[in-house]
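Asks: Here is a sequence with its predicted model. Questions after.
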Amino acid sequence: MYDRVKHLPEYKAWVAGGGLARFANEQDLETDFVDHIFRTSPQVQIAYDRILRTMPSVLQEMTRDMRPEPTTYSQATALQAINDYEQGSGSAATSEDDDDSGEKTSNPEHRIEKEPASKQASDVVTTLQLPHSSHPKNSVNRSQPSNPPPKCHTQASNTPPSNPPHPPTPKTPPATTPPAPTPPCSTASRSAKSAKGWGTYRDAAEWQNYSSMFHPGAYITTSWTQGCLEDFIASSKEGYEKQTPHGPFPYILHRICGQTVDVQGDRAISKMKVTITCRIMLDGIEMDNEADTRFFFFLSKNAQGKWGVNFMTLLFDKDKMVLVVPGKAFDVPEEEVKQYPSGYRYLAWAESKAGRPPKMDLNAHGPERDVLYGKCKVWLEGGDVRPNLTGEDLGEW
């Protein structure tokens, strides 16, 4: 159904006018969500459906294949309809709620039936496949059971009705449910999601885009360098000059594996699972170091209402060395490697050999983990946080 409406001129005009983009922005979605609409939340599907139904041609296309649902009756109502039909009374089957309506008459020739009750009798009799009655006045048209039968008119008779007929009860219009309010767009969550640009921007040396994630003066901590945003970018540029697949400085790339965002007031914490891959040349042998890490972004909203990153650091869960060329051999000196933290001992060892002494308190299995999670809690509660985020506070930063 949704695929069909995409080709309608009215829908295309709505998209061209920015309607789809505005809806996606309000729901915190990408504009291609329509290609997998059934994977979105029920709230999103309902809101999207309501918008489509405001376009006449789209509404007509959406309801083209709809059919009326069959009516369901209780056993007592069905049996009463069967009994009336077999006795030739022609009395329409009515629901249990209509038993006291006062619309039934003792004489079938002098009765007034409401359209819904007449339709119910027709449906019940048709469903149960009763034999044709010998009474012409009670014959049932089975050729078009889905069409409502015509209203019955009062016929003249010398026998007065046992109960005076009542005028048909006016139909009550169905209650309309007000549209659910659109949830407000979380700019904090969207800003935190932009932290995924760490891998895209940093790996491609897009420093202007990279800087846009941070507030001025933000502090960044990695295993190989620590400092304010400007110092980190300067060190990264220096590393890029030496960074080649066969050069002395590790060729660093990032794989983003998942992210969570916690927002409290004008503060937020984003945690991101990242695998860091480093191509390293050791004694003429090409090696890859792969480290599984957790990135931590401390975000806040400034006086201008802009969200950005104030602090960034990480913890290392584990790492390994992998030979790039099959068949080659390389012996890692275990005694040297053991002096480094268990979560990134091979990376720390390789950084030392490249002339970059590693930061030693980024181990996910050490006491620095609890220090960092404690500072995350303080940050969300509006408290003051200073680097070193995994250890003692720095006097100057």
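Replies: Perfect, I can see it now.
Asks: number of nearby residues for residue 279?
Replies: 18 (other CB atoms under 10 Å). C-betas here are computed from N, CA, C, even on glycine.
Asks: Now stretch 310-318: buried residues?
Replies: Neighbour-count burial for stretch 310-318, counted by 16 or more other CB atoms under 10 Å, picks out 310-317.
Asks: Quick check: mean pLDDT of that stretch?
Replies: In this model, stretch 310-318 has a mean pLDDT of 97.
Asks: what's in contact with that stretch?
Replies: 198, 214-215, 218-223, 274, 291-300, 341-344, 347, 362-365, 368-369, 372, 385, 387, 389-390 (CB atoms under 8 Å, 6 or more residues apart in numbering).
Asks: Could you list the domains of this protein?
Replies: 2-62, 187-380 (automatic domain parsing).
Asks: most neighbours per residue, which of the ones you listed?
Replies: domain 187-380 (a mean of 17; mean count of other CB atoms under 10 Å).
Asks: residue contacts, residue 298?
Replies: Residue 298 sits in contact with 267, 269, 309-312, 376, 379, 385, 389, where contact means CB under 8 Å, 6+ apart.
Asks: what about 7 Å?
Replies: By CB atoms under 7 Å, 6 or more residues apart in numbering, residue 298 lies in contact with 269, 309-311, 379, 385.
Asks: circling back to that earlier point, and the domains of the chain, which one is worst for confidence?
Replies: domain 2-62 (a mean of 82).
Asks: residues touching the residue nearest to residue 194 when sequence neighbours are not counted, list them.
Replies: Leaving out its chain neighbours, the residue that sits closest to residue 194 by CB to CB, 6 or more residues apart in numbering is residue 213, at 5.6 Å. Applying CB under 7 Å, 6+ apart to residue 213 gives the contacts 194-195, 197, 308-309.
Asks: again, but for residue 224
Replies: Listed by CB under 7 Å, 6+ apart, the contact set of residue 224 reads 351, 356, 358.
Asks: residue ranges for the strands of the stretch 151-300 of the chain, please.
Replies: 214-221, 226-228, 251-264, 267-282, 285-301 (DSSP state E, counting those that start in this stretch).
Asks: closest to residue 324 out of the ones you listed?
Replies: For the strands of the stretch 151-300 of the chain, the distance to residue 324 is smallest for strand 285-301, at 3.9 Å, taking CB to CB.
Asks: Return the alpha-carbon coordinates of that closest one using PDB.
Replies: Extracted in PDB, the C-alpha atoms of strand 285-301 (Å, rounded to 0.1, in the frame of the first residue of the first chain):
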ATOM      1  CA  ILE A 285      56.700  -7.400   9.400                       C
ATOM      2  CA  GLU A 286      53.200  -5.900   8.800                       C
ATOM      3  CA  MET A 287      50.900  -6.300  11.700                       C
ATOM      4  CA  ASP A 288      47.300  -5.200  12.600                       C
ATOM      5  CA  ASN A 289      46.400  -4.400  16.200                       C
ATOM      6  CA  GLU A 290      42.700  -4.600  16.900                       C
ATOM      7  CA  ALA A 291      41.500  -3.100  20.200                       C
ATOM      8  CA  ASP A 292      37.900  -3.300  21.400                       C
ATOM      9  CA  THR A 293      37.100  -0.100  23.400                       C
ATOM     10  CA  ARG A 294      34.400   2.000  25.000                       C
ATOM     11  CA  PHE A 295      34.400   5.700  24.100                       C
ATOM     12  CA  PHE A 296      32.900   8.100  26.600                       C
ATOM     13  CA  PHE A 297      31.600  11.600  25.500                       C
ATOM     14  CA  PHE A 298      30.600  14.200  28.100                       C
ATOM     15  CA  LEU A 299      28.100  16.600  26.500                       C
ATOM     16  CA  SER A 300      26.400  19.800  27.600                       C
ATOM     17  CA  LYS A 301      24.100  22.500  26.200                       C
END
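Asks: what angle separates that strand from strand 214-221?
Replies: 140 degrees (axes from the mean of the first three to the mean of the last three CA atoms, to 10 degrees).
Asks: orientation of strand 285-301 relative to strand 251-264 in degrees?
Replies: 20 degrees.
Asks: partner strands of strand 285-301, parallel or antiparallel?
Replies: Next to strand 285-301 in the sheet, as set by DSSP bridges, lie strand 267-282 (antiparallel), strand 307-323 (antiparallel).
Asks: Quick one: the ones you listed as TSV, columns for distance to residue 32 too.
Replies: TSV is the format used below for the strands paired with strand 285-301 (distance: least, CB to CB, whole Å):
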stretch	distance to residue 32
strand 267-282	23
strand 307-323	24
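Asks: and of the ones you listed, who's closest to residue 13?
Replies: Comparing these by their distance to residue 13 (CB to CB), the top pick is strand 307-323, with 34.2 Å.
Asks: so which of the strands paired with strand 285-301 comes closest to residue 12?
Replies: strand 307-323 (34.6 Å).
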